[in-house]
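Engineer: All I have is the shape, not the residue letters:
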């Protein structure tokens with residue numbers, strides 16, 4: 001299955017490196033490519049029973065939305081829905097544990113695995129659950145394809161705002177758009 005199968009209409013992310021930054025006071029995000037140009041904005045809607053994240057391109061046009069399948073479920077499913085067609089593009093599936101999270105990006109129809117985003121340092125994740133002092137250590141995730149091959153990384157940076165450097169080294173089978181969206185949603189849902 002190629003990455004083109006799970007692309008979002010009206011959005012082309014073709015860079016290998018992105019920076020994602022959260023606003024200081026709420027779950028509002030901006031993604032920039034390697035030149036610093038804004039390519040995507042997303043924000044978590046407030047006071048919703050089910051999590052909702054609308055995403056806009058650099059022109060302010062809504063291109064997709066992520067919606068939770070159930071109410072207040074941290075370890076649940078989130079559908080990425082194309083705003084032009086109303087169709088599900090992928091499903092983000094969160095597998096929570098004390099040793100770190102694993103997010104699976106799956107096909108919405110066949111449930112075939114497209115990519116996995118997993119905590120890199122399980123020991124640090126475990127310590128985060130024991131004491132808040134470890135919350136200052138930046139989060140780091142590995143992106144892999146369905147066969148477990150390394151595709152890229154999501155690396156948190158130390159600072160007042162949550163900031164992540166996303167590097168996608170091989171996007172031949174893993175679509176960039178859901179990975180970039182997932183990085184924002186993971187930060188918001190996990191409360192990083």
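Structural biologist: That came in fine, so what should we check first? Remember, predicted model here, so these are calculated numbers, not experimental data.

Engineer: neighbours around residue 33, how many?
Structural biologist: 18 (other CB atoms under 10 Å). All C-beta spots, glycine's among them, are computed from the backbone N, C-alpha and C.

Engineer: partners of it in the sheet?
Structural biologist: residue 18 (DSSP bridges).

Engineer: Tell me if I'm right that residue 183 and residue 22 touch.
Structural biologist: No: using CB atoms under 8 Å, residue 183 is not in contact with residue 22, being 10.5 Å away.

Engineer: Could you pull out the helices in the chain for me?
Structural biologist: 122-130, 176-190 (DSSP state H).

Engineer: quick one: the strands in the chain?
Structural biologist: 17-22, 28-33, 38-43, 52-56, 62-68, 77-82, 88-95, 102-106, 113-119, 140-144, 150-157, 163-168 (DSSP state E).

Engineer: Now render those as TSV, adding mean pLDDT and distance to residue 178.
Structural biologist: Shown next, in TSV, are those (pLDDT from 0 to 100; distance: least, CB to CB, whole Å):
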stretch	mean pLDDT	distance to residue 178
strand 17-22	93	13
strand 28-33	93	13
strand 38-43	91	12
strand 52-56	87	11
strand 62-68	88	9
strand 77-82	89	6
strand 88-95	89	5
strand 102-106	91	5
strand 113-119	92	7
strand 140-144	91	11
strand 150-157	91	12
strand 163-168	92	11
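
Engineer: can you put the ones you listed in a markdown table and add distance to residue 6?
Structural biologist: Formatted as a markdown table, the strands of the chain follow (distance: least, CB to CB, whole Å):
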| stretch | distance to residue 6 |
| --- | --- |
| strand 17-22 | 17 |
| strand 28-33 | 17 |
| strand 38-43 | 16 |
| strand 52-56 | 15 |
| strand 62-68 | 11 |
| strand 77-82 | 9 |
| strand 88-95 | 5 |
| strand 102-106 | 8 |
| strand 113-119 | 6 |
| strand 140-144 | 14 |
| strand 150-157 | 14 |
| strand 163-168 | 14 |
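
Engineer: Residue 183 and residue 22: which is more packed in?
Structural biologist: Between residue 183 and residue 22, counted using other CB under 10 Å, residue 183 has the larger neighbour count: 24 against 20.

Engineer: And the more buried one, how far from residue 110?
Structural biologist: As defined by CB to CB, to the nearest Å, residue 183 lies at a distance of 24 Å from residue 110.

Engineer: cool, and residue 17?
Structural biologist: 30 Å.

Engineer: okay, the two: which has more neighbours?
Structural biologist: Comparing residue 17 with residue 110 by other CB under 10 Å, the one with more neighbours is residue 17, at 14 against 8.

Engineer: ok, the more buried one touching residue 31?
Structural biologist: No: with contact defined as CB under 8 Å, residue 17 does not reach residue 31; the gap is 10.9 Å.

Engineer: Which neighbours do those two have in common?
Structural biologist: residue 166 (CB atoms under 8 Å, 6 or more residues apart in numbering).

Engineer: Report pLDDT for the closest residue to residue 156 other than its chain neighbours.
Structural biologist: Closest residue in space to residue 156, ignoring its immediate chain neighbours: residue 138 at 3.1 Å, by CB to CB, 6 or more residues apart in numbering. At residue 138, the model reports a pLDDT of 74.
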